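Q: based on what follows, work out the 3D shape:
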Amino acid sequence: MLTRRAFLSRTASLAAATLRRPWAEIGSKPALVGPASTRTPVLVRYEDFQFGVSYHFSMNTFTGDDYETGKVPVNTYNPTKLDVRQWIRVAKDLGAHYAVLTAKHMSGFCLWDSEEYDYDVAASPNKADVVAGFMAACTEYGLQPGFYYCILDPRNEGKFDWDSPVSDKYYRLIKHHLKELHTRYRTPFYQLLDITWKVSHEQRWELYRLIKSLSPDCIIVMNQAFYQSRRNLGRICEAKSWPTDVINGEDTLPPPEGHDPHVRFGDKTYYMPMEAWIPTGPPYKPMPPMHSWFWRPGFKTQDPEVIARIYQRCKQRNANLLLNLSPDTSGRLPDEAVQTLDQVAKLINK
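A: Okay, here's the model as predicted:
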């Protein structure tokens, strides 16, 4: 029989547990088995945010190569003044509502201490858990956190090939990494998967359902990549980027007529907002149409007027803006970028 004292104790414990739970767990319904056909509360919240930032910071930052393949030793990564709070503070001042971290880019380097894995921050000279610091800073400044994870990984695949299917061994590692991110760091608002055509249709569905099982209200974005985005402008979802909750336009603005979120895939219509994912760096010389995502020597942020114009076009054309920022080898956003973004904030606030 439950005594009054036991009842009160249990009630207090449940109340305390509820207060500790992140927004995504409070009042959540069972995970959807696929993308939404109607404008759900989670998608309403995402659209209301309208403006987010991403951070490209990884081994690539220290080699100056956006396409770093992970051949350099782990001690190449060594930020001297790592300050993730500064990244998020700048985003908050800019007016962003969510932030996305490159937890693992194509070099295979992980910004957290991954279990039984030796190419991560724990094996480097600077062992700070960047993912943990990022989550804490987002909580402090009131931004919703998200992760980026790259499927393409020459280090773990044994070769640099944009199109070859991943091996069973590497696919198991992908699932292991995503499980870690979504259980150790509760609770991400957003998960972007890149170069998704390297996993099969069935594997993409498995990854989608895995993430939803761990983070039911997480927005999942299967990136369409640069040339696909330029081709379709978010009007359709590429088959090799399905399933996804949001249409992603990589370095691509929404269509001039504005994004219609009622997107048809197969024989069904889905409600799919669009997100323009725009880097703020200069043109990337090996691939001139695209702009740089990672900092490198000589990196200069685009003019504030250009960035403010991108912001306005996304707003006018019914799309979210995910603006990419690039910390340097010190582990901070450089003064040049911070000053430019301060000017951007003034322009968009007009």
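
Q: and the nearest residue to Trp197 once chain neighbours are set aside, how many neighbours?
A: Leaving aside its chain neighbours, Trp197 sits nearest to Lys240 (3.7 Å; criterion: C-beta to C-beta, 6 or more residues apart in numbering). In short, each C-beta sits where N, CA and C put it, glycine included. Lys240 sits with 17 neighbouring residues when counted by other C-beta atoms under 10 Å.

Q: do me a favour and get the end-to-end distance for stretch 242-255?
A: End-to-end span of stretch 242-255 (C-alpha to C-alpha, to the nearest Å): 20 Å.

Q: low-confidence ranges, the stretch 1-150 of the chain, go.
A: Applying pLDDT under 70 to the stretch 1-150 of the chain flags residues 1-32.

Q: in it, which spans are strands?
A: 51-55, 98-104, 144-150 (DSSP state E, counting those that start in this stretch).

Q: kindly reformat these as TSV containing distance to His182.
A: Listed next are those as TSV, based on distance: least, C-beta to C-beta, whole Å:
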stretch	distance to His182
strand 51-55	18
strand 98-104	11
strand 144-150	8
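
Q: now these as TSV including mean neighbour count?
A: As requested, the strands of the stretch 1-150 of the chain are exported to TSV (neighbours: other C-beta atoms under 10 Å):
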stretch	mean neighbour count
strand 51-55	23
strand 98-104	27
strand 144-150	23
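
Q: list just the one of the ones you listed that sits closest to Leu323.
A: Taking C-beta to C-beta, strand 51-55 is the member of the strands of the stretch 1-150 of the chain nearest to Leu323, at 5.1 Å.

Q: now do the closest one against strand 144-150, angle only.
A: Orientation of strand 51-55 against strand 144-150 (axes from the mean of the first three to the mean of the last three C-alpha atoms, to 10 degrees) gives an angle of 50 degrees.

Q: how far does stretch 312-321 sit from the chain's center?
A: 19 Å (C-alpha atoms, centre = their mean, to the nearest Å).

Q: can you give me the end-to-end distance of it?
A: First-to-last residue span, stretch 312-321, C-alpha to C-alpha: 9 Å.

Q: so which of the strands of the stretch 1-150 of the chain comes closest to Ile195?
A: Nearest to Ile195, of the strands of the stretch 1-150 of the chain and by C-beta to C-beta, is strand 144-150 at 6.1 Å.

Q: ok, and what's touching that closest one?
A: Residues outside strand 144-150 that contact it (C-beta atoms under 8 Å, 6 or more residues apart in numbering): 49, 52, 54, 97-106, 131, 134-135, 138-139, 174, 177-178, 181, 185, 188-195, 219.

Q: which of those are buried?
A: Buried by 16 or more other C-beta atoms under 10 Å: 49, 52, 54, 97-106, 131, 134-135, 138, 174, 177-178, 181, 185, 188-195, 219, out of the contacts of strand 144-150.

Q: out of these, which sit inside helices?
A: Judged by DSSP state H, the subset of the buried ones among the contacts of strand 144-150 located in helices is 49, 131, 134-135, 138, 174, 177-178, 181.

Q: if we can go back for a sec, wasn't the residue nearest to Trp197 part of a helix?
A: Yes - remark: Lys240 belongs to a helix, assigned using DSSP: H, G, I helix; E, B strand; the rest coil.

Q: how near is it to Gly146?
A: Shown here: Lys240 relative to Gly146, a distance of 22 Å by C-beta to C-beta, to the nearest Å.

Q: mind listing the helices for the stretch 251-350 of the chain?
A: All helices of the stretch 251-350 of the chain, identified by DSSP state H, counting those that start in this stretch, fall at 304-316, 335-349.

Q: so which elements touch the longest one?
A: Secondary-structure packing of helix 335-349 (3 or more C-beta pairs under 8 Å, 6 or more residues apart in numbering; DSSP states H and E): helix 84-94, helix 304-316.

Q: cool, and the shortest one?
A: Helix 304-316 is packed against strand 274-279, strand 320-325, helix 335-349, with contacts defined by 3+ C-beta pairs under 8 Å, 6+ apart.

Q: using CSV, lay out those together with distance to Asp161.
A: As requested, those are exported to CSV (distance: least, C-beta to C-beta, whole Å):
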stretch, distance to Asp161
strand 274-279, 24
strand 320-325, 25
helix 335-349, 33
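
Q: Ala137: how many residues sit nearby?
A: Neighbour tally, Ala137, other C-beta under 10 Å: 21.

Q: OK, contacts around it?
A: If a contact means C-beta under 8 Å, 6+ apart, then Ala137 has 84-85, 87-89 as its contacts.

Q: mind putting those residues into JSON lines with distance to Leu325?
A: Below are those laid out as JSON lines (distance: C-beta to C-beta, whole Å):
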{"residue": "Val84", "distance to Leu325": "12"}
{"residue": "Arg85", "distance to Leu325": "14"}
{"residue": "Trp87", "distance to Leu325": "7"}
{"residue": "Ile88", "distance to Leu325": "10"}
{"residue": "Arg89", "distance to Leu325": "12"}
